[in-house]
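# turn this into a model:
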Amino acid sequence: MATQRITLVFATNNQNKVKEIRSILADPFEIITLTESGIDIDIPEPHDSLEANASEKSSTIHRLVGKNCFSEDTGLEVIALNGEPGVKSVRYAGEGRDFQENINKLLANLGSQSNRKARFRTVVSLIWEEQEYLFEGICDGQITQDQKGLQGFGYDPIFIPDGAITTFAEMGMEEKNKYSHRKKAIAKLVSFLQTKLHE
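Residues are numbered from 1 along each chain as shown. Next up is the predicted model:
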């Protein structure tokens, strides 16, 4: 008997995230991007929590396509900065969403602070059969003094996950997925869907 394919619309315009999610989700999952769904909108992220922003994105797309879909919102939370940039990670240095400026601002704010502990936190919002489910993934680590590596995106050049000796930006996708907050959240989503399929 053929394996049942599961098609999910991924509520994002970020092609780096699409690439990363597709490297995690293999058969029988098929990821459809917003572009492939014929949707060209910038979904607002007005809330003060990752959970609320993820829900905003998934519910917005679900209203438009009427299909099973999911979204995610991710924040970098730096202990010495009282959890900043957190939910404002993408717009930390302004509405331009320039990650080099975001990195510059974070390193400047952190300065010579000895406590450089931080964590990436991802919240996935899945709308499945008209119901919403939330999944969280966390990766603890440290903020570097300087940028290292050219892979990845966002804050990857200044974040070393616990248990590693290189930044995310120095890792290939396979190695990054061993630690990734996004991988952990998506793994929970996959486990949930597999359970649903066998009910």
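# report the central residue of this structure.
Centroid-nearest residue in the chain, with Cα atoms, centre = their mean: residue 74, separated by 4.3 Å.
# tell me which element residue 124 falls in.
Per DSSP states H and E: residue 124 is located in strand 117-128.
# pLDDT (mean, whole number) over that strand?
Averaged across strand 117-128, pLDDT comes to 97.
# what residues sit buried inside it?
118-128 (16 or more other Cβ atoms under 10 Å). (C-beta placed from N, C-alpha, C; glycine too.)
# helices and strands around it, which ones?
Counting contacts by 3 or more Cβ pairs under 8 Å, 6 or more residues apart in numbering; DSSP states H and E, strand 117-128 packs against helix 50-65, strand 69-78, strand 131-143, helix 181-197.
# how far away from the center of its chain is the lowest-mean-pLDDT helix or strand in the chain?
In the chain, the helix or strand scored least confidently by mean pLDDT, DSSP states H and E is helix 15-24, which has a mean of 85. Centre-to-centre, helix 15-24 and its host chain are 9 Å apart (Cα atoms, centre = their mean, to the nearest Å).
# contacting residues around it?
With contact meaning Cβ atoms under 8 Å, 6 or more residues apart in numbering, helix 15-24 is reached by 10, 12, 31, 33, 72, 152-154, 173-174, 176-177, 180, 182-183, 186-187.
# residue 164 and residue 176 touch, don't they?
No: contact criterion Cβ atoms under 8 Å: residue 164 and residue 176 do not qualify, at 9.3 Å.
# just checking, residue 70 touches residue 123?
No: counting by Cβ under 8 Å, residue 70 does not reach residue 123; the two are 10.8 Å apart.
# any residues in contact with both of these two?
What both residue 70 and residue 123 touch, as defined by Cβ under 8 Å, 6+ apart, is an empty set.
# next, count neighbours for residue 6.
Residues contacting residue 6 under the criterion other Cβ atoms under 10 Å number 18.
# who's in contact with residue 148?
Residue 148 touches 157-158, 166-167, 169-170, counting by Cβ under 8 Å, 6+ apart.
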